[in-house]
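Trainee: give me coordinates for this.
(one chain, ligands or ions: 1)
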Amino acid sequence: MTTTIPTDSGCDTDPLEAYRARFPILARTCYLISNSLGAVPVETSRSLQDYYDIWAGRGVRAWEDRWWMLAAALGDRLAPLIGAQAGEVVFQPNVTIAHAVVLSGIDFTTNRRRIVTDAMHFPSILYLIDEQSRRGADITVVPTADGVTIDTGRLIESIDERTAVVAISHVLFKSAYVHDVAAIAARARQVGALMVVDGYQAVGVIPVDVRALGVDVYIGGCLKWLCGGPGAAFLWVDPARRHALSPALVGWMAHPSPFSFDPRLDRRTDAWRFLHGTPNIPALYAAEPGITLLNEIGVHAIRAKSIRQTERLLALADREGWRCTTPRNPARRGGTVAIDLAHGLEISKSLKDREILCDYRPGAGIRLSPHFYNRDDELEHAVDAMREIVATGAWHAHAQGTEHRHPVT
Ligand SMILES: Cc1ncc(COP(=O)(O)O)c(C=O)c1O
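Mentor: The predicted structure is shown next:
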């Protein structure tokens, strides 16, 4: 099979294309999978080398030089991307653990014991929420009528004085539907429930302002749209709600003087109270360059390009007569376009054979996620390849039973 990836021709009209040179994989692939794993910038190699160098050169003193502070220091760098202030964000090993920390601080044995979520939330978080029933929680899962959206009115109606927590994604991972977070948070606030938002599919591709949204807790990660690799998630808790949240999932980093090795926990009053054990230091080094880059570019410019490119993808899919499982209204659409074709899984694998990287989710379809570094002609290239794979039956090479599934999130 021959594959021709469109070559870099330069573009005078899209200043963001200047960033392509910073991402080696873009020279070899049509990279449309930033909803899953963002491309790695060249600077990450240097940053990981720094991690090694300080360990090699300073040994155990690396902790006092940099490592011990890193989960909070990197939080300060991340803060502008979600409209937070320095000192308000701490890093966590993953998004599920960050949710577990927050939920562990809630008492579900009172009359206020309900968790309201929706059926389109990421399964890992749904599992965790479901497990809270062991601790006394009543769980309400608002269903989806169309597999794409969640009705805002229905979600709001489910929130009342019995609600302890409302937990939703900002952008749904399957369909890229953008929840009306501000409206839902207003209702949560009205009844005194804690509003916990998972922004994994939002931060880095849509502008986020935690204060304008009116949420209490905002969680995200660097793996996808922040080009930062695995193991680096973050947690923001509104300082006004901080004192009311004392996680049971806690550890020595939450103690004001951890090196006193006090057997009794004296909890910090700042954002460090949400830390627990030793942070994932190499992952934080890996995440730093992406955060720097995203701050430099600015998410508003990224969002404008993302809307243009997802709009373009939808138009191309319409031209082919393909069904899209992504909102049409750009204000309610994140960075992904999902196209639901028969044999979508096999087609997505055939696309990978052609160096066009994307993924497939049952019920959603083939997910194409352009980011600030993609060119418009790559979108045409991907759609042309999909048409060819369907027309020639090339997807049969991946028909069920011929290979194992490859796990990607
Ligand atoms: C919205 C959302 N939440 C959570 C997760 C899983 O996060 P983690 O593996 O960091 O716990 C994903 C992964 O794709 C996601 O898209």
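
Trainee: need the longest helix for the protein.
Mentor: helix 299-320 (DSSP state H).

Trainee: show me what that one is packed up against.
Mentor: strand 323-324, strand 337-340, helix 376-392 (3 or more Cβ pairs under 8 Å, 6 or more residues apart in numbering; DSSP states H and E). In short, each C-beta sits where N, CA and C put it, glycine included.

Trainee: can you put the ones you listed in CSV and add mean pLDDT?
Mentor: Formatted as CSV, the helices and strands packed on helix 299-320 follow (pLDDT from 0 to 100):
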stretch, mean pLDDT
strand 323-324, 95
strand 337-340, 96
helix 376-392, 97
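
Trainee: count the neighbours of Ser47 for me.
Mentor: 19 (other Cβ atoms under 10 Å).

Trainee: which non-adjacent residue is nearest it?
Mentor: Excluding the flanking residues, the one nearest Ser47 by Cβ to Cβ, 6 or more residues apart in numbering is Tyr285, at 4.9 Å.

Trainee: so that neighbour makes contact with Ser45?
Mentor: No. Taking contacts as Cβ atoms under 8 Å, Tyr285 lies outside contact range of Ser45: 10.7 Å.

Trainee: quick one: name the residues of the stretch 201-350 of the chain near the ligand.
Mentor: 201, 221, 233 (Cβ under 6 Å from any ligand atom).

Trainee: so what's the second one bridging to?
Mentor: Note on Gly221: beta-bridge partners Ala233, judged by DSSP bridges.

Trainee: for the remainder of this discussion, apply numbering that starts at 2.
Mentor: Okay, using 2 as the starting number, the last item reads as Gly222.

Trainee: test my guess that it contacts Gln202.
Mentor: No. Using Cβ under 8 Å as the test, Gly222 is too far from Gln202 to be in contact (9.7 Å).

Trainee: show me where the chain has its strands.
Mentor: Here the chain has its strands, by DSSP state E, at 31-32, 90-93, 115-119, 139-143, 164-170, 195-199, 218-222, 234-238, 324-325, 338-341, 357-358, 360-362, 366-369.

Trainee: who wins for proximity to Asp267 among those strands?
Mentor: Nearest of the strands of the chain to Asp267, taken as Cβ to Cβ: strand 90-93 at 18.0 Å.

Trainee: partner strands of that closest one and their direction?
Mentor: strand 234-238 (antiparallel).

Trainee: for the strand it pairs with, the distance to its chain's centre please.
Mentor: Strand 234-238 sits 12 Å away from the centroid of its parent chain (Cα atoms, centre = their mean, to the nearest Å).

Trainee: for that strand, buried residues please.
Mentor: 234-238 (16 or more other Cβ atoms under 10 Å).

Trainee: ok, stretch 341-348 next?
Mentor: By 16+ other Cβ under 10 Å, the buried positions in stretch 341-348 come out as 341-342, 344-348.

Trainee: what does the stretch 52-201 of the chain put close to the ligand?
Mentor: So the stretch 52-201 of the chain meets the ligand at 95-97, 123, 125-126, 170, 174, 199, 201 (Cβ under 6 Å from any ligand atom).

Trainee: keep only those of those residues that are in helices.
Mentor: 96-97, 125-126.

Trainee: okay, and the helix or strand of the protein with the least pLDDT?
Mentor: Every helix and strand in the chain was compared by mean pLDDT, DSSP states H and E; the lowest is strand 360-362, with a mean of 93.

Trainee: identify the residues contacting that one?
Mentor: Here strand 360-362 makes contact (Cβ atoms under 8 Å, 6 or more residues apart in numbering) with 34, 36-37, 174-175, 339, 345-346, 348-349, 367-368, 409.

Trainee: adjacent strands (with direction) for it?
Mentor: According to DSSP bridges, strand 360-362 has these partners: strand 366-369 (antiparallel).

Trainee: next one: the partner strand to chain centre, how far?
Mentor: 16 Å.

Trainee: what does that strand contact?
Mentor: Here strand 366-369 has contacts from 33-34, 36-37, 314, 324-326, 337-342, 345, 348-349, 352, 359-362, 380, 383, 387, using Cβ under 8 Å, 6+ apart.

Trainee: mean confidence for that strand?
Mentor: Over the span of strand 366-369, the pLDDT mean works out to 96.

Trainee: anything in it near the ligand?
Mentor: No. Applying Cβ under 6 Å from any ligand atom, one finds strand 366-369 out of contact with the ligand, separated by at least 10.9 Å.

Trainee: contacts only, for the residue nearest to Ser48.
Mentor: Counting by Cβ under 8 Å, 6+ apart, Tyr286 has contacts 48-49, 51-52.

Trainee: counting neighbours, what do you get for Tyr53?
Mentor: By the criterion of other Cβ under 10 Å, Tyr53 has 11 neighbours.

Trainee: correct me if wrong: Val153 contacts Asp181.
Mentor: Residue 153: Thr, not Val. Yes. Judged on Cβ under 8 Å, Thr153 makes contact with Asp181 at a distance of 4.7 Å.
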